[in-house]
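1. sequence unknown, structure follows:
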């Protein structure tokens, strides 16, 4: 089944990354009584209790029909599909979720002000088709569920129908929260997905890493590869896919409150844009009151 079709039980798009499988499935996966199939390929020589089918070979049609949504009632697990193999979405820790939620809220605030795109996240997948001379068909395919995906309204493949459970086009921008439980997970985000997202035509790719070690911002170059988006002289990163969306690199560590961002010139154009105007009006009113009080004091002195 192609992702444009609606498969029975295919998941709806989630609204908040803090309510993802990553934070919810820890207890369910540990307590599950489902026997583990030890014959399945295991990551780094081990079977993951929370994702016992990680590495199972299935066709793309089987993936859409059975594995796209959590197939078990007692294990909260989410699988991507990579060229015939299931890959479990790894668990996230609190710093990863905190940073991801903060960045998601920035994007949400931007799109509330500039209504030019929609967001998908966590459980919504899209199909990547990449040229690969090593494959008999000349192409390789994967279904990825980005932690955050941006779909411009100008994208030729629309998104948003009530019956859509997956996206049939290519996201314009993708954000992944770095998975770092194993070296293989780090390499998947920093090398494999980076390569595949570029080959599939994703215009911007952001890797969020609370440690800062693997924090990266990429844009698609005309040659079809990713080049770094470097912060400007003030340490601000600017998006080309979302004009006016910008953030200070340092704030990805600080995770400042929205009220503080609303008074910062980097963010005030889209984070609570009316807040800065309201504060300015209040300050002007306060100055007028102070001027009147000073004038009254002067008049009293003249009469005394």
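-> Everything's here; your move. Only a predicted model underlies this, so the values are computations on that prediction, with no experimental measurement involved. Numbering: from 1, shown residues only.
2. do a quick rundown of the strands in the stretch 201-304 of the chain.
-> 204-208, 216-220, 226-228, 236-238, 246-248 (DSSP state E, counting those that start in this stretch).
3. and for the stretch 1-150 of the chain?
-> 79-82, 85-88, 117-120, 126-131, 139-144, 148-152.
4. residues contacting the third one, please?
-> Outside of strand 117-120, the residues that reach it under the criterion CB atoms under 8 Å, 6 or more residues apart in numbering are 13, 104, 107-108, 111, 126, 146, 148-153, 159-160, 167, 171-172, 242. From N, CA and C alone the C-beta is placed, and that goes for glycine too.
5. what do you get if the cut-off is 7 Å, keeping everything else the same?
-> With CB atoms under 7 Å, 6 or more residues apart in numbering as the test, strand 117-120 has contacts from 13, 107-108, 111, 148-153, 159-160, 167, 242.
6. could you list the paired strands of it along with their orientation?
-> When pairing is defined by DSSP bridges, strand 117-120 lines up against strand 148-152 (antiparallel).
7. and after the partner strand, which helix or strand comes next?
-> Toward the C-terminal end, the helix or strand that comes next after strand 148-152 (DSSP states H and E) is strand 173-177.
8. name the helices or strands packed onto that following strand?
-> helix 94-113, strand 148-152, strand 204-208 (3 or more CB pairs under 7 Å, 6 or more residues apart in numbering; DSSP states H and E).
9. mean neighbour count for these - can I get that in TSV?
-> Formatted as TSV, the helices and strands packed on strand 173-177 follow (neighbours: other CB atoms under 10 Å):
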stretch	mean neighbour count
helix 94-113	18
strand 148-152	23
strand 204-208	22
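10. any idea how far residue 133 is from residue 192?
-> 17 Å (CB to CB, to the nearest Å).
11. these two: which has the busier surroundings?
-> Taking neighbours as other CB atoms under 10 Å, residue 133 and residue 192 compare with residue 192 leading, 14 against 7.
12. who are the contact partners of residue 67?
-> 58, 79, 86 are the contacts of residue 67 under CB under 7 Å, 6+ apart.
13. wait, a helix at residue 189?
-> Yes - counting by DSSP: H, G, I helix; E, B strand; the rest coil, residue 189 is located in a helix.
14. for it, give me its contacts.
-> By CB under 7 Å, 6+ apart, the neighbours of residue 189 are 176, 178, 179, 207.
15. from what I can see the last one touches residue 178, true?
-> Yes - checked against CB atoms under 7 Å, the pair residue 207 and residue 178 is within contact range at 5.6 Å.
16. list the residues that contact both of those two?
-> By CB under 7 Å, 6+ apart, the residues touching both residue 207 and residue 178 are 189, 214.
17. any chance of CSV for the contacts of residue 67, columns distance to residue 254 and pLDDT?
-> Converted to CSV, the contacts of residue 67 look like this (distance: CB to CB, whole Å; pLDDT from 0 to 100):
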residue, distance to residue 254, pLDDT
58, 43, 97
79, 34, 94
86, 37, 96
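18. still on that earlier bit, turn the strands of the stretch 1-150 of the chain into CSV, columns for distance to residue 261.
-> Converted to CSV, the strands of the stretch 1-150 of the chain look like this (distance: least, CB to CB, whole Å):
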stretch, distance to residue 261
strand 79-82, 33
strand 85-88, 35
strand 117-120, 19
strand 126-131, 30
strand 139-144, 30
strand 148-152, 18
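19. closest one to residue 298 among the ones you listed?
-> strand 117-120 (56.3 Å; CB to CB).
20. ok now that closest one, how far from the chain's centre?
-> How far strand 117-120 lies from its chain's middle: 10 Å, per CA atoms, centre = their mean, to the nearest Å.
21. look up how far residue 172 lies from residue 239.
-> 10 Å.
22. any regions of the chain where pLDDT drops low?
-> For the chain, applying pLDDT under 70 flags the ranges 1-49, 274-289, 291-292, 295, 299.
23. domain ranges for it, per the record?
-> The chain resolves into domains spanning 17-88, 94-257, 272-304 when parsed by automatic domain parsing.
24. how many neighbouring residues does residue 244 have?
-> 12.
25. that one contacts residue 116, doesn't it?
-> No - counting by CB under 7 Å, residue 244 does not reach residue 116; the two are 9.6 Å apart.
26. compute the first-to-last residue distance for stretch 75-95.
-> 23 Å (CA to CA, to the nearest Å).
27. buried ones in it, by neighbour count?
-> 75-83, 85-92 (16 or more other CB atoms under 10 Å).
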